[in-house]
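*Asks:* Please find the sequence and the predicted model below.
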Amino acid sequence: MDTLQLIFPSMIIIVLALKLYLNKRQANSVKTHFNTVPARFSTSIELNAHQKSGNYTLAKIGLGNIEIILGSLLAIIFTSGGLIQYLDNQISSRLANYPLTQGIALIISLMFISMLCNLPLSLYSTFNIEERFGFNHITIKLFILDTIKSMVLFAVIGIPLLYIVLWLMTIMGSLWWIWVWATFCAFNIILMLAYPTFIAPIFNKFIPLTNEELRIKINNLLKKCGFQSNGIFVMDGSKRSSHGNAYFTGIGKTKRIVFFDTLINKLTPNEIEAILAHELGHFKKKHIIKQIIVSFLISLMTLFVLSLLINQPMFYNALGITIPNNANALILFALGLNVVMFPFSPLSSYLSRKNEFEADDFAKKYSNKDDLISGLIKLYKENSSTLTPDELYAKFYYSHPPASIRIAHLEQTL
């Protein structure tokens, strides 16, 4: 292995060390505050609940360390270890006359290997950690059924998309990246339109909200905020987990408001109204549209960068590939991008937290902030979210402000 081929494994190891260091800091922070509930939450969260959250967080960190190491090891095996090149050689010898099918077969083979390697960790997370802390409701049968459904969906939706992408890369010359980008944007818009009606119901049942008191509150809130939706639905999230959530889905006329049944059962109507006001804040502040635009722009820039690298032998050689092709280029770029972009995580997390503060400020105007605070505290407790995260860890990973900071912001007068 020459010096050039050492660059990518070295980058993987550096990022691996950073992730393990951040996990260590998070674990230390949880352990340091394990026996003391933060003062702001001392009257609403008992010590045993706080300690349960600490143990849950530590268990997830322990599993996360294994996942990080496994992911890094797989990336090195795929690239510098020669697995991509080996599989490509084997597949090309059997599908030499079908270059597009050859590329698809390579990508699917690597995805399948990754899935198999990560399956034991997924099973352990669900049936050990989540089970041990009382969150898991999913059965082995349902877990298998979900996996099969996901694979079928990928076969129906993902494989045709990959064919189109590889075909465009083959026939569109030096400007292939613009055509692929346009296809990516169109595909994502169609997916956002189709998801609420056709995809989400494959995995869950959605029934219209029947709680009359809550329905009236929500409809009044929607009128005040000028929001129109295609319905208010309750999802049977409890068949998989006791964790609670609420979200918007779809765009345009397909917009839906969805509550997990677990959320409905845990919060009062006033608290649910306040939680929804926060979600409406994201809509009114155009956070979702902005995020879509940013993701499209980032995809355009990354595809342009790939277009500069795709004909450079050094790009392939540095990642253990001796025979370049479009499928290899996509795989290598995706692996490399995952490593290169991690140090920039604090920027995206900061922007996400900024949006959350803005949505909270909106909620304070259109609902009772005390209801939002009490609802959030209940969710922190019920979901065993740690109240004492490490500051640096939060900067990298937290899309929402840490509990103490968020509550303090909510208590401020506008």
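*Replies:* The structure has been received and is ready for your questions.

*Asks:* Show me which parts of the helix or strand containing residue 364 are buried, residue by residue.
*Replies:* Per DSSP states H and E, residue 364 falls inside helix 345-366. Using 16 or more other CB atoms under 10 Å as the test for burial, helix 345-366 gives 349, 353, 355-364, 366. In short, each C-beta sits where N, CA and C put it, glycine included.

*Asks:* Give me the distance from that helix to the chain's centre.
*Replies:* Mean C-alpha position of helix 345-366 versus that of the full chain (CA atoms, centre = their mean, to the nearest Å) differs by 17 Å.

*Asks:* in the chain, which segments are predicted with low confidence?
*Replies:* 1-4, 253, 413-414 (pLDDT under 70).

*Asks:* Show me the strands in it, by range?
*Replies:* With strands called from DSSP state E, the chain shows them at 206-208, 232-235, 246-249, 256-260.

*Asks:* Indicate each strand paired with the third one and its parallel or antiparallel sense.
*Replies:* Same thing as strand 246-249. strand 256-260 (antiparallel) (DSSP bridges).

*Asks:* and the strand it pairs with, how far out from the chain's middle?
*Replies:* Computed by CA atoms, centre = their mean, the chain-centroid distance of strand 256-260 equals 18 Å.

*Asks:* What sits closest to residue 322 if chain neighbours are left out?
*Replies:* Excluding its sequence neighbours, the residue lying closest to residue 322 (CB to CB, 6 or more residues apart in numbering) is residue 85, at 6.1 Å.

*Asks:* and the one you found, what does it touch?
*Replies:* Contact partners of residue 85, counting by CB atoms under 8 Å, 6 or more residues apart in numbering, are 320-323.

*Asks:* got a winner among these for most neighbours?
*Replies:* Neighbour counts for those peak at residue 320, which has 23 neighbours (criterion: other CB atoms under 10 Å).

*Asks:* I figured that residue hits residue 77, correct?
*Replies:* No - shown here, residue 320 and residue 77 do not form a contact pair, counting by CB atoms under 8 Å, at 9.6 Å.

*Asks:* With distance to residue 161 as new columns, can the buried residues of helix 345-366 be given to me in TSV?
*Replies:* Converted to TSV, the buried residues of helix 345-366 look like this (distance: CB to CB, whole Å):
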residue	distance to residue 161
349	29
353	32
355	29
356	32
357	36
358	34
359	32
360	37
361	39
362	36
363	37
364	42
366	40
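
*Asks:* Let me have the contacts of residue 85 in a markdown table, adding distance to residue 95 as columns.
*Replies:* Below are those laid out as a markdown table (distance: CB to CB, whole Å):
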| residue | distance to residue 95 |
| --- | --- |
| 320 | 21 |
| 321 | 18 |
| 322 | 18 |
| 323 | 14 |
